[in-house]
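J.: Make a model of this:
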Amino acid sequence: MANKTKLHFHFHNPNSAEETANYIVKIFIEVNQFKIDQVLQETAEKMEIQSEENRSLSC
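T.: Residues are numbered from 1 along each chain as shown. Here you go, the predicted structure:
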């Protein structure tokens with residue numbers, strides 16, 4: 001093999017940095033939606049347990 005040709009890639013992004021960041025965040029949220037739902041469910045359950053404990057202590 002003689003000389004290998006080196007590939008060069010150039011990407012054009014017509015969006016602003018803010019638009020690009022928002023798009024990336026949307027992708028991350030979509031990909032991790034199950035984990036997000038799970039954390040929210042666990043947090044809601046913990047808050048419900050704490051609320052029940054507070055009510056039982058105040059009676």
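
J.: CA only for contacts and neighbour counts going forward, please
T.: Noted.

J.: Which pLDDT value belongs to residue 58?
T.: If you check residue 58, the pLDDT there is 71.

J.: what's the answer for residue 46, then?
T.: As predicted, residue 46 sits at a pLDDT of 93.

J.: Could you grab the helix/strand/coil label for it?
T.: For residue 46, the secondary-structure state derived from DSSP: H, G, I helix; E, B strand; the rest coil is helix.

J.: now the one 5 residues further on
T.: Using three-state DSSP, the secondary structure recorded for residue 51 is helix.

J.: what about it, distance to residue 30?
T.: Distance from residue 51 to residue 30, counting by Cα to Cα, to the nearest Å: 31 Å.

J.: Report pLDDT for residue 37.
T.: As predicted, residue 37 sits at a pLDDT of 93.

J.: Work out which residue lies at the spatial centre of the chain.
T.: For the chain, the residue sitting closest to the mean C-alpha position, by Cα atoms, centre = their mean, is residue 29 at 3.7 Å.

J.: Can you list phi and psi of residue 8 for me?
T.: The phi/psi pair for residue 8 (degrees, to the nearest 10) reads phi -120, psi 130.

J.: Check residue 4 too.
T.: According to degrees, to the nearest 10, the main-chain angles of residue 4 amount to phi -90, psi 140.
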